[in-house]
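Asks: Fold the following and give me the result.
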Amino acid sequence: MIQADQTSAPETNHSRLARVKGVLILLVPVLAVIYAGIVGYMYVNQQSLLFKPEGELPAPNSVGLADVDPVSLTMSDGVTLTAWSAPPATDGAPTVLFFHGQTGNLGDRADRMREILNSGFGLLAPSYRGYPGSEGEPSEMALISDGIQMYDQLDRQGTQVVLLGQSLGTGVAAAVAEQRPNAQLLVLEAPFTATVDVAAERYPLLPVHALMRDQFATRDLIENVTVPTLIFHGTDDETVPLHHAEALAVMAGDTAQIHVIEDGTHNDLWSHGLWDQVQQSLPAN
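Replies: Reported below is the predicted structural model:
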């Protein structure tokens, strides 16, 4: 009788294991190269991922802002920015220094500006460096420096200033408020604890904290802000989750009031009464 070879099965399993190990050994450097490529791409292109200017800057009257003038503002380093400006229509009313979000241009925020102006408030809304109508390249340091210079210009004119930031602009507005505690009010629309925190949540496998230059870490300065602060955030915000605003409110302590807007998303908080809440929080003029 011919007996079966008892050694064949173990040898087969061993060969399979060897093949798997060989494939893994080949895959590791391939995956490492792919990962390094992704990290390199994110690092090289981080500015365009954070700052997203789009389109051409329209004339204010073409978007329903006939009482707004485009003005040129030259910053301390010689860069010229375009801003939309209107004086208060009501005696004693403050001027809103408005810092827009990361995408598009000032024309995309015309509805917000119309509400501000209809309330008798003044307006100064800069187009960031590198955005339509403005020279230069955007960066965290440059945007904050520009914001402080614009605040000081309004302050020299003797007007009360409300600092209002939308999304990316909340990082600018909060930084200006920390440096200029005599502002009348700080309004944060859909804020983040830091842009780097949002990026880390979106890309958990990437070392974004080590790679990202413009981190806009509002969490690191909000405790120093003494300006009365209103925080608005929607429960359905998929761009910046609600927990960012909740964390900032805790860090700010008694200085801040948070308004959580049920069913609100990242871009529709004004349709849920944001501006009405702002006006109610200001002293009567």
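Asks: low-scoring stretches of the stretch 151-285 of the chain, by residue?
Replies: 283-285 (pLDDT under 70).
Asks: What are the boundaries of the helices in it?
Replies: Secondary structure of the stretch 151-285 of the chain (DSSP state H, counting those that start in this stretch): helices at 168-179, 195-202, 208-211, 242-252, 274-281.
Asks: packing partners for the fourth one?
Replies: Using 3 or more CB pairs under 8 Å, 6 or more residues apart in numbering; DSSP states H and E, the elements in contact with helix 242-252 are strand 229-234, strand 256-261. For every residue, glycine as well, the C-beta is placed using N, CA and C.
Asks: from these, which stretch is densest packed?
Replies: Counting by mean count of other CB atoms under 10 Å, strand 229-234 has the highest mean neighbour count of these, with a mean of 24.
Asks: Strand partners (parallel or antiparallel) of it?
Replies: Strand 229-234 sits in its sheet next to strand 185-189 (parallel), strand 256-261 (parallel), going by DSSP bridges.
Asks: That strand versus helix 274-281: what angle between them?
Replies: Orientation of strand 229-234 against helix 274-281 (axes from the mean of the first three to the mean of the last three CA atoms, to 10 degrees) gives an angle of 160 degrees.
Asks: And strand 229-234, how far out from the chain middle?
Replies: Distance, stretch centre to chain centre, for strand 229-234: 14 Å (CA atoms, centre = their mean, to the nearest Å).
Asks: what are the C-alpha coordinates of it, in CSV please?
Replies: Taking C-alpha atoms only, strand 229-234 is exported to CSV below (Å, rounded to 0.1, in the frame of the first residue of the first chain):
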residue,chain,number,x,y,z
THR,A,229,-18.1,87.7,22.6
LEU,A,230,-21.1,86.0,20.8
ILE,A,231,-20.5,82.6,19.3
PHE,A,232,-22.9,81.2,16.7
HIS,A,233,-22.9,77.6,15.4
GLY,A,234,-25.3,75.2,13.8
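Asks: out of the strands paired with strand 229-234, which comes closest to residue 228?
Replies: Counting by CB to CB, residue 228 lies closest to strand 185-189 out of these; the figure is 5.5 Å.
Asks: then that closest one to CSV, C-alphas only?
Replies: Coordinates of each C-alpha in strand 185-189 appear next as CSV, following Å, rounded to 0.1, in the frame of the first residue of the first chain:
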residue,chain,number,x,y,z
LEU,A,185,-18.2,93.3,20.5
LEU,A,186,-16.7,90.1,19.0
VAL,A,187,-19.0,88.0,16.8
LEU,A,188,-17.8,84.5,15.8
GLU,A,189,-19.8,82.8,13.1
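Asks: Now find how far off-centre it is within its chain.
Replies: 13 Å.
Asks: likewise stretch 128-135?
Replies: Averaging C-alpha positions (CA atoms, centre = their mean) puts stretch 128-135 16 Å from its chain's average.
Asks: Mind checking the pLDDT average for it?
Replies: In this model, stretch 128-135 has an average pLDDT of 98.
Asks: Let me see the ranges of the strands in the protein.
Replies: Using DSSP state E, the strands of the chain run over 52-53, 69-74, 80-86, 95-99, 103-104, 122-126, 161-166, 185-189, 229-234, 256-261.
Asks: Dump the strands paired with strand 229-234 into a markdown table; add distance to residue 78 as well.
Replies: A markdown table is the format used below for the strands paired with strand 229-234 (distance: least, CB to CB, whole Å):
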| stretch | distance to residue 78 |
| --- | --- |
| strand 185-189 | 29 |
| strand 256-261 | 37 |
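Asks: so where's the stretch 1-150 of the chain uncertain?
Replies: In the predicted model of the stretch 1-150 of the chain, residues 1-11, 20-24, 26-27, 30-33, 35-36, 38-41 satisfy pLDDT under 70.
Asks: That one: helices as residue ranges?
Replies: Secondary structure of the stretch 1-150 of the chain by DSSP H, counting those that start in this stretch: the helices cover 8-44, 46-50, 110-118, 140-156.
Asks: Please enumerate residues in contact with the third one?
Replies: Pointing back at helix 110-118 there. With CB atoms under 8 Å, 6 or more residues apart in numbering as the contact definition, helix 110-118 has outside contacts at 60, 63-65, 67-68, 84, 86, 89, 96, 98, 123, 125, 166, 270, 275.
Asks: between these, which is closest to residue 47?
Replies: Set against residue 47, the nearest of these by CB to CB is residue 166 (19.6 Å).
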